[in-house]
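Asks: return a 3D structure for these sequence lines:
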Amino acid sequence: MNEEFVEYAGRSEPKERLLKALPLILAALLGIPFLVYAIKFSLSMGQYTKYMFDIETSAWFATGMVMLSLSGALCLVGYLVFLFIGTRRRTWKWRIWWSVAAFLAAAILPIWWLFAGYFTSAPA
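Replies: Numbering: from 1, shown residues only. Predicted coordinates for the structure are as follows:
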């Protein structure tokens, strides 16, 4: 058998690997600013939660505030998990869907703020 006709089962070309990883890299880079805002939101909710515990609010309200203070960490964990799962998939279709899921996991809190009016300030 001639060597020029032999196909190796090893790794693909570096250029092809970079091209296959492009959707995940794009989702990772676009998701970072949204994650920063989500973590800032969680930290501010954590500060509010401390004051809510000081004035002894109801258990349901305190539970909601704790969940809001953990939401940024949950977004970060989801973002990292979706990116990791996307690196394990071989086809373009799966890589694109997992990169979309990673981006949405990072951007879910800022999108929620946009529709819930977190950025607008109501008069006191």
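
Asks: which element is residue 15 on?
Replies: Assessed by DSSP states H and E, residue 15 sits inside helix 14-54.

Asks: give me the helices and strands touching that helix, please.
Replies: In this structure, helix 14-54 makes packing contacts with helix 59-88, helix 92-116, judged by 3 or more C-beta pairs under 8 Å, 6 or more residues apart in numbering; DSSP states H and E. Glycine gets a C-beta too; all of them are placed from N, C-alpha and C.

Asks: what is the longest one packed up against?
Replies: Contacting helix 59-88 under the criterion 3+ C-beta pairs under 8 Å, 6+ apart are the following elements: helix 14-54, helix 92-116.

Asks: most tightly packed of the ones you listed?
Replies: helix 92-116 (a mean of 17; mean count of other C-beta atoms under 10 Å).

Asks: residues in contact with that helix?
Replies: 20-21, 23-24, 26-28, 30-32, 34-35, 37-38, 41, 71-72, 75-76, 78-79, 82-83, 85-86, 89, 118-119 (C-beta atoms under 8 Å, 6 or more residues apart in numbering).

Asks: the same query, at a cut-off of 6 Å, please.
Replies: Defining contact as C-beta atoms under 6 Å, 6 or more residues apart in numbering, one finds that helix 92-116 is touched by 23-24, 27, 30-31, 34-35, 37-38, 41, 75, 78-79, 82-83, 85-86, 89, 119.

Asks: ok so, going back, among the helices and strands packed on helix 14-54, which is nearest residue 14?
Replies: Put simply, out of those the one that sits nearest residue 14 is helix 59-88, at 15.7 Å, with distance taken as C-beta to C-beta.

Asks: let me know the angle separating that closest one from helix 14-54.
Replies: Inter-element angle recorded for helix 59-88 and helix 14-54: 170 degrees (by axes from the mean of the first three to the mean of the last three C-alpha atoms, to 10 degrees).

Asks: in helix 59-88, what's buried?
Replies: 65, 68-69, 71-72, 75-76, 78-79, 82-83, 85-86 (16 or more other C-beta atoms under 10 Å).

Asks: now those residues as a markdown table including pLDDT?
Replies: Formatted as a markdown table, the buried residues of helix 59-88 follow (pLDDT from 0 to 100):
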| residue | pLDDT |
| --- | --- |
| 65 | 84 |
| 68 | 84 |
| 69 | 87 |
| 71 | 89 |
| 72 | 89 |
| 75 | 92 |
| 76 | 93 |
| 78 | 94 |
| 79 | 95 |
| 82 | 94 |
| 83 | 92 |
| 85 | 92 |
| 86 | 90 |
